[in-house]
Structure formats: structure tokens, C-alpha cells
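A.B. asks: missing the sequence, but the structure's below:
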């Protein structure tokens, strides 16, 4: 009896190659599409990144945060401060937003990690509100009504509008695809092993000497940093900024949770599928106004009741398909 | 007198309002094998869980190498040298056999146990090292659970319900390997439903009954009737 065992499947190899091909097509988009399409794909990348990152937190580390808007808004504020007040090139401010968000996430984690379950969720939301209220006090950045990136700062990104749009688009692409790549590589690393073990059973992990709190802290800080970079990107895309929009719980957390839940929590593919579904729904239904939101809510409830592992979990169970395998499988037995 | 490796003093442990242990005391010397027997609900598993830090509410002292570990977190206790092969094996289902073993080495204690020596003890695990843990039989999973516990190079190994749900031939195989583990100087507490086998393996036994120690000593010095009485409480 001989069996070949590997992580890879035929589907995962096809997926890997198609992902590379698709990435190449996306990178070249500024040469064959218009600005409106670029912006749409850019916005999709924002949600792809946020959903992938939230999934790392909630789906793997068991940290159900409803306060990720804290780091989106924080990243946006770092960018606008460095660009408009200090005169930096906004593109250079993006990694700084990431470092800043990771740095501030460390003391925040010390506070919110004292809370468990639902209290943790509420605690993160409260922290995000504190961030919003503090930022609304900064009069140099327009206080509660906010401000816009200066034209001079935007010119530093690139001199002409098409070049600027393309630069912001590529940044979005890098963050969206980068977040998926980071999640995939993280889960296959040593810390990913611990993270998967924690997801499988916290008690067994604890009794093996895995420092659960430390692993969770590492994931929380990493996710906060990358979320901060996404926040800076959002600021570049929108130009105009107010504390209410930058720290919006609906835009940066509620829709993100919707994406992860319908796509499939605890898988790499779930947030990708969820983000696609969300964008299709939004493109066709958004003009229905509040009815559109009711449809989203009903769909989320339906998926939770009939396929608790999300649509990707359903596909995976039904067809044994895995495009980004992080575990092993047996072939030829 | 030499300080014992483990000394449990008047340990009381509860789950919420339900008290499972009412003042249990016992001692274990380095390298010794102790059988912990008792009927269902006598508190055997609770005692093991309390020793490795998985029962939150406990009173009394658990001295391991002279240090009180009664209220230490589990991840700290395993670093001091206490490892558990839990009841029901608790494999990580999304991970391979080898990944399960590697996680057992997270405590990074030095010693003789490594992937190679665990594979030498259980060759079947080496054959299956790339397979997902749930693809193995119950006996192989139990070997993997023991191997995973050994990976932390413990001085005290806790084996909870070693033979539960396993085929008799597998049980025999695993019991034949226990002396090889003990030969490395590891002390073992063996929780077992199969009393005869446990008493034949251990140097000493402790019998629990409704959260108290009802009898303890050398298995050879107590009649089968004494032990049966201590076990069932008749």
C-alpha cells in the first residue's frame, strides 16, 4: 500500500497558476481599462484585504473584533497628517500608517485582551469609538468635520491624474493580494501551526505549552498594522476624510463580517468568495437603498442557518475542493 | 528523605458548584509509575487535569519539584516538565501527524525525546507522518498523543484513559512500550479503566472513590477483594 501525500491538489495547482495569471491581468489593468473600473477593482481590493485580515483574527485566532475600524481610521489619520501637515509623499506615509497602527495596537491589546467573547467584541468597538473621538479633537485636521488631502500632496503621488489613479490602483492591488498572500504564508508557517492548533482546540493547545495569548497578540498586532495600511489606502482613494467616515463601524467592520460569514470563516478562500458576492450584490442592488441592506441581512441569516461554514465551506464539503491548502491530504490510497 | 517529584496536598477541585475532589493527597517519586484507578466519576481525570493546570477552581497545593503549581497556567506547567496525553486523544484534526508531534515540542525542553526518537518508539507514526491526524486509527492516534506528550521531554507523564476505545491487540502493544518510556526516567501517572492491566504495570496504585483516596499502596500487598471494595465502596 503506497500513498502519496501532499498539501497540493490538482485544483490548488490550477488555482495557483490562474491566480498568477489573474494577478498579471490585474496589474496591467491601467493600460486597458478606464478610471471607473480601476476604482471599482481598487475598492474590491480594500474589502478583500479587510475581510482576509478579519478572518485571520476571528476565524483563526478566535478574536471576534468589531473594532477594526479603529485601525482603518487611524491609518487614514496617519496618512493625512504626514501628507498634509508634514509634506510627505502620501505613498511613503502608507507603510508608516502600518507601523503606527501596529505600535498602537500593542497597548490596546493589553486592555481588550482582558475581556472574553462578547465582552471582547464590545471592548474593541468602544476602543474604536475612543479613537474616533480623539481624532475628532484634532483641529489641524478639521476636528469633527474632517478635511481633504491637499492638491499639493496628491501631486506628490504622481503629476497627472491617470498616473495618480494608476499608482493608487496598484497600491490597492498590492494590499489586497498581499493580504491574501500574508494570510496564506502565515498559516503555513510555525506560528500558523500554533494558530491552526488553537482553532482546532484551545485546551489541547494550552496543555502542550503553546502560549495562546502570545500567538493571539502577534496576530492581533500584525492584522492591526496591515489594517492601518488599508486605512491609509482608503484615504488616498477617497481624498476627503471625516472622523465619522474614517471610523465607520458599518463600512469597515459590519460589511467585512458579512463578507467573511457568507464566504466561509476559517478558510483562505472564504473571504475571496464573500467579497466577490458582496460586490456583485452591491453593483446590482445598491440603488434599492435600505431594501438592499435588508437583503444583505436576510442573506447572512440564511447562510448562517443553512451553511454555517459559509458558501466556501459548503463547496469544500460537497466537492472536497481546496484552492489554497494549508493542511495535508492523501492521494492514491 | 528525598523530596518527591510530585506531592499533592489536600487538593479540592470543583466545576462550578460541583466538587469533584474532596481533599486528595498523594506523592510520586521521580521515575515511578503510579496507577490511578477508580470508578467513573471518582475524580481521576479531574486530578490529572488539576495537575496540568486545566481545572480553574482548586484549593490545596500541588508541589512539583518543590514548586506550587496549583494555580499556574497550563502552558507554564508543561514548561516545568508535566505533559498530558488527554482522554480522547485530542488530535488537531486539521494538522498532519508530524505537525501534531511538532506542536508537542513547543515547550522546548531539552531531553532525549525528538521526532526521531518518537518515530523509533512508534514506527507506524513515521509511515503516516504526512497524513492528517483524523485519518489514523484510534490506536495510532493514542500513540500520536503519547508521542506528542513525550515531545516536551516531561519528567512527569500523565496518561488519561490510555486504553479507552482501543482494540485489545493495540492496548497490548502500547502497554509493552510503556517500560521503554519509563526507562528514560519519566514518572508516569496512568489513569485506566482496565484495572488488572494497570496494576500489573504500575509500582504503586492510588484508588479514588467519590473524590477521596480510598486505598493506596503496592499492588502486590493488597488482595483483589480489598481493591474491589476500595473501587466500588461496598
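C.D. replies: Perfect, I can see it now. The structure presented is a predicted model; accordingly, all values stated were derived computationally and were not measured. Numbers count the residues shown, from 1 in each chain, chains lettered A, B, ... in the order given.
A.B. asks: elements contacting the helix or strand hosting residue B:124?
C.D. replies: Element membership of residue B:124 [criterion: DSSP states H and E] is helix B:123-127. On a contact count with 3 or more Cβ pairs under 8 Å, 6 or more residues apart in numbering or on different chains; DSSP states H and E, helix B:123-127 meets helix B:115-121, helix B:138-150. Quick note: C-beta positions are derived from backbone N, CA and C, even for glycine.
A.B. asks: would you point out which residue is most central in chain B?
C.D. replies: Residue closest to the average C-alpha location in chain B (Cα atoms, centre = their mean): residue B:158, at 1.7 Å.
A.B. asks: re earlier: just the helices and strands packed on helix B:123-127: most buried one?
C.D. replies: Among those, helix B:138-150 has the highest mean neighbour count (mean count of other Cβ atoms under 10 Å in any protein chain shown), at a mean of 24.
A.B. asks: ok, and what's touching it?
C.D. replies: A:208, B:83-86, B:89-91, B:97, B:100-101, B:103-104, B:113, B:118, B:121-122, B:124-125, B:128, B:133, B:136, B:157-159, B:162, B:165-167, B:170-171, B:173-174, B:181, B:186 (Cβ atoms under 8 Å, 6 or more residues apart in numbering or on different chains).
A.B. asks: swap in stretch A:37-46?
C.D. replies: By Cβ under 8 Å, 6+ apart, stretch A:37-46 touches A:26, A:29-30, A:165-166, A:168-169, A:172-173, A:175-177, A:230, A:233-234, A:237, A:275, A:279.
A.B. asks: show me what the helix or strand encompassing the residue nearest to the centre of chain B is packed against.
C.D. replies: Using DSSP H and E, residue B:158 sits in strand B:156-159. Packing contacts for strand B:156-159, counted by 3+ Cβ pairs under 8 Å, 6+ apart, involve helix B:44-51, strand B:82-85, helix B:138-150, strand B:187-191.
A.B. asks: centre of the chain to that strand, how far?
C.D. replies: Here strand B:156-159 is found 3 Å from its chain centre; the criterion is Cα atoms, centre = their mean, to the nearest Å.
A.B. asks: same check on stretch A:148-160?
C.D. replies: Per Cα atoms, centre = their mean, the centroid offset for stretch A:148-160 relative to its chain is 26 Å.
A.B. asks: distance between the ends of it?
C.D. replies: 19 Å (Cα to Cα, to the nearest Å).
A.B. asks: what are the contacting residues of it?
C.D. replies: Here stretch A:148-160 makes contact (Cβ under 8 Å, 6+ apart) with A:80, A:83-84, A:87-91, A:164, A:166-168, A:235-236, A:239-241.
A.B. asks: which residues does residue A:207 contact?
C.D. replies: Counting by Cβ under 8 Å, 6+ apart, residue A:207 touches B:52-54, B:74-75, B:78, B:84, B:86.
A.B. asks: what's the burial count for residue A:190?
C.D. replies: 11 (other Cβ atoms under 10 Å in any protein chain shown).
A.B. asks: now the closest residue to residue B:184 other than its chain neighbours. Its backbone dihedrals?
C.D. replies: Sequence neighbours aside, residue B:112 is the residue nearest to residue B:184 in space, at 5.6 Å (criterion: Cβ to Cβ, 6 or more residues apart in numbering or on different chains). Per-residue torsions, residue B:112: phi -80, psi -20 (degrees, to the nearest 10).
A.B. asks: then residue B:62?
C.D. replies: The phi/psi pair for residue B:62 (degrees, to the nearest 10) reads phi -130, psi 100.
A.B. asks: now do it against chain A, distance only.
C.D. replies: Using Cβ to the nearest Cβ, to the nearest Å, one gets 15 Å for the distance from residue B:62 to chain A.
A.B. asks: for that residue, list each beta-bridge partner.
C.D. replies: Note on residue B:62: beta-bridge partners by DSSP bridges are residue B:8.
A.B. asks: now for the contacts of residue A:207: which two are most distant?
C.D. replies: The distance between the two most remote of these (Cβ to Cβ) is 14.7 Å, for B:75 and B:86.
A.B. asks: which one's more surrounded, the two?
C.D. replies: A direct count of neighbours by other Cβ under 10 Å for residue B:75 and residue B:86 places residue B:86 higher, at 24 against 20.
A.B. asks: list, one by one, the residues from the stretch 101-250 of chain A near chain B.
C.D. replies: A:193-194, A:196-197, A:199-201, A:203-212 (Cβ under 8 Å from any Cβ of the partner chain).
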